[in-house]
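**Student:** sequence-free structure coming up:
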Ligand SMILES: Cc1cc2nc3c(=O)[nH]c(=O)nc-3n(C[C@H](O)[C@H](O)[C@H](O)COP(=O)(O)O)c2cc1C
Ligand code: SF4
Ligand code: FES
């Protein structure tokens, strides 16, 4: 779809009517996501810059970033492995999968490998309840995890 | 396509543009009338009549109006919107365009949970194709004065953003904190304008209703719950997955369908829902009985229901936005009591406290999260006394 602006206002500019976008603040979340996708995290500097651009206080930006669990202000691994800690995953053996990850990577839940490649986290239901235990690796949904699949998955992450 | 799906309404066949063409051939008022006559209620959980909602937005004053598709699908155990977006995106989008036509909106947003970010390219492709075919954008299907476009926005890992007013806050670039209501979004929604927020499944049903008629739609279901419901079934069963059933289908029938054996209990409605014991498996999926956004989790006799409730309370503790006291302070206390209950250490006093706190939370929390957080705990205390290590005198108190 072509880029559009949902909220337009008409202003007079040099005697002509012109449409401008006044959904400035609404682009905050998409912009933050863009920054994080590119840089891997959202730095103080990036928040400051974005705040200036949108004409709001940096604290406003920080307060938004801190609200959303998928936005972060610290560098994380190139791959973020998020294990669903939902009940169906637990029932289907999430514990074993978690231990396999921890063992293979030599880190604990919430940590990042030394080489900065992989961060291991837990998250709420990811909508793969029919294929539990489930994981989200960056944007990819993966179902039916098992200790064996942990190995092949890790081997495939370059 | 995972499999050829079959069902009475949403999984019945419909050609591209079939519903849209039929809608644009009618007046706006007639489209709303048709939706109203179908008696469809929202499929996202709260069950507000869709025709009424559309009419409110259509008659509200506003220079611009918005249509928002709630694809935040965060209720534990729900994944039917995932299937709809992957396999039926066109129908969902056409439902949004029809809504736009009916209420006089020009812009639509899909608020897609961040966990489903990988669906983005496919959804964009469907939108592009619709635009190429003239089913989206300017002069839709040759209708000169009707313009409508759809933009996809991604959530960033906050369950509470599925609540419609929190969703709107999030779309506007704020923390996803629920608003006080009234005013309702149909009057003062996105950017202060009249806004229709509907669930993915609600939009998916609309083209069918318009193309095949309100009467056809209303011939399915029960007296008070018309049409069908998509269920996301998971847990202890051989065939987990998404099923479309007419309202009025019993738990017993569902269990048979998914080949569940040795079932002790079924959680209907996810973490915010209720736990149904075996002796109540005759109960049915319907707004007037077991109302649900679609989550059905099956537990066999080896599962501990206290573990289940504990897991749900941890979820709420994690996801509470912390804006109001009953929810922010109440959930951790309930979690503590659930832990004590599991250890067999819950005192009589504390049992009473569970009930009074739950009542306070149900009454005084600002949004549905806090209001429904106590449901699961209360329902296992009441319906599964044997699961809870309580003294006899405590147990007597449960049977109030
Ligand atoms: C905490 C919370 C989370 C919710 N999550 C969702 C959701 O993920 N999807 C959804 O459609 N509705 C969700 N709802 C319900 C919405 O507030 C709203 O009622 C619904 O989107 C309206 O659409 P409908 O009438 O088509 O059901 C949630 C409500 C609460 C309180
Ligand atoms: S009930 Fe909970 S989630 Fe809802 S507004 Fe209050 S603190 Fe936030
Ligand atoms: S309940 Fe496990 S992914 Fe949904």
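**Tutor:** Great, that's in hand. Only a predicted model underlies this, so the values are computations on that prediction, with no experimental measurement involved. Ligands and ions are numbered 1, 2, ... in the order given.
**Student:** OK, contacts around the residue nearest to residue B:251 when sequence neighbours are not counted?
**Tutor:** Leaving out its chain neighbours, the residue that sits closest to residue B:251 by Cβ to Cβ, 6 or more residues apart in numbering or on different chains is residue B:281, at 4.3 Å. Where you see a C-beta, it was placed from the backbone N, CA and C, and this is true even at glycine. Taking Cβ atoms under 8 Å, 6 or more residues apart in numbering or on different chains as the criterion, residue B:281 is in contact with B:250, B:251, B:252, B:255, B:263, B:266.
**Student:** wait, doesn't the fourth one sit right on residue B:264?
**Tutor:** It stands for residue B:255. No. With contact defined as Cβ atoms under 8 Å, residue B:255 does not count as touching residue B:264 (11.2 Å).
**Student:** higher neighbour count, these two?
**Tutor:** residue B:255 (20 against 17; other Cβ atoms under 10 Å in any protein chain shown).
**Student:** next, find the distance separating the residue nearest to the more buried one when sequence neighbours are not counted from residue B:379.
**Tutor:** Counting by Cβ to Cβ, 6+ apart, residue B:255 lies nearest to residue B:263, which is 5.6 Å off, once chain neighbours are set aside. Between residue B:263 and residue B:379 the distance is 16 Å, computed by Cβ to Cβ, to the nearest Å.
**Student:** anything in the helix or strand that contains residue B:197 near ligand 1?
**Tutor:** Using DSSP states H and E, the element containing residue B:197 is strand B:195-199. Yes. Strand B:195-199 comes into contact with ligand 1 (Cβ under 6 Å from any ligand atom), by way of B:197, B:198, B:199.
**Student:** contact partners for the residue nearest the centre of chain B?
**Tutor:** In chain B, the C-alpha nearest the mean C-alpha coordinate belongs to residue B:44, at 2.2 Å (Cα atoms, centre = their mean). Residues in contact with residue B:44 (Cβ under 8 Å, 6+ apart) are B:70, B:162, B:198, B:199, B:201, B:202, B:293.
**Student:** and those as a markdown table, adding pLDDT?
**Tutor:** Output for these, formatted as a markdown table (pLDDT from 0 to 100):
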| residue | pLDDT |
| --- | --- |
| B:70 | 98 |
| B:162 | 96 |
| B:198 | 98 |
| B:199 | 98 |
| B:201 | 98 |
| B:202 | 98 |
| B:293 | 94 |
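**Student:** what's the closest of these to residue A:154?
**Tutor:** The shortest gap between residue A:154 and any of the contacts of residue B:44 belongs to residue B:162, at 32.2 Å (Cβ to Cβ).
**Student:** the closest one touches residue B:78, doesn't it?
**Tutor:** No. Contact criterion Cβ under 8 Å: residue B:162 and residue B:78 do not qualify, at 9.7 Å.
**Student:** how about the residues of the stretch 201-350 of chain B near ligand 2?
**Tutor:** B:320, B:321, B:322, B:323, B:324, B:327, B:328.
**Student:** picking up where we left off before, now, the contacts of residue B:44 that are in helices?
**Tutor:** B:201, B:202 (DSSP state H).
**Student:** who wins on neighbours among the contacts of residue B:44?
**Tutor:** When neighbours are counted by other Cβ under 10 Å, residue B:293 leads the contacts of residue B:44 with 29 neighbours.
**Student:** now do the buried residues in stretch B:298-310.
**Tutor:** B:298, B:299, B:303, B:305, B:306, B:307, B:308, B:309, B:310 (16 or more other Cβ atoms under 10 Å in any protein chain shown).
**Student:** now those residues as JSON lines including distance to residue B:271, pLDDT and secondary structure?
**Tutor:** Listed next are the buried residues of stretch B:298-310 as JSON lines, based on distance: Cβ to Cβ, whole Å; pLDDT from 0 to 100; DSSP: H, G, I helix; E, B strand; the rest coil:
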{"residue": "B:298", "distance to residue B:271": "15", "pLDDT": "98", "secondary structure": "strand"}
{"residue": "B:299", "distance to residue B:271": "14", "pLDDT": "98", "secondary structure": "strand"}
{"residue": "B:303", "distance to residue B:271": "15", "pLDDT": "96", "secondary structure": "coil"}
{"residue": "B:305", "distance to residue B:271": "13", "pLDDT": "95", "secondary structure": "helix"}
{"residue": "B:306", "distance to residue B:271": "14", "pLDDT": "95", "secondary structure": "helix"}
{"residue": "B:307", "distance to residue B:271": "13", "pLDDT": "95", "secondary structure": "helix"}
{"residue": "B:308", "distance to residue B:271": "9", "pLDDT": "96", "secondary structure": "helix"}
{"residue": "B:309", "distance to residue B:271": "9", "pLDDT": "96", "secondary structure": "helix"}
{"residue": "B:310", "distance to residue B:271": "11", "pLDDT": "96", "secondary structure": "helix"}
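**Student:** between these, which sits nearest ligand 1?
**Tutor:** Distance to ligand 1, by Cβ to the nearest ligand atom, is smallest for residue B:309 among these, at 17.7 Å.
**Student:** look up the pLDDT of the spatially most central residue of chain A for me, please.
**Tutor:** Centrality entry for chain A: nearest residue to the mean C-alpha point is residue A:70, 3.7 Å, by Cα atoms, centre = their mean. Note for residue A:70: predicted pLDDT of 95.
**Student:** on the three-state scheme, residue B:134 is what?
**Tutor:** coil (DSSP: H, G, I helix; E, B strand; the rest coil).
**Student:** now the strands for chain A?
**Tutor:** Secondary structure of chain A (DSSP state E): strands located at A:8-13, A:16-21, A:79-84, A:118-123, A:135-137, A:140-142.
**Student:** if we can go back for a sec, so which of the contacts of residue B:281 wins on neighbours?
**Tutor:** Comparing the contacts of residue B:281 by number of neighbours (other Cβ under 10 Å), residue B:266 comes first, having 28 neighbours.
**Student:** what sits against the spatially closest residue to that one that is not a sequence neighbour?
**Tutor:** Among residues not flanking residue B:266 along the chain, residue B:276 sits closest, at 4.9 Å (Cβ to Cβ, 6+ apart). With contact set as Cβ under 8 Å, 6+ apart, residue B:276 has these partners: B:251, B:265, B:266, B:267, B:268, B:283, B:290, B:383.
**Student:** contact partners for residue B:92?
**Tutor:** Per Cβ under 8 Å, 6+ apart, neighbours of residue B:92: B:69, B:84, B:85, B:200, B:203, B:204.
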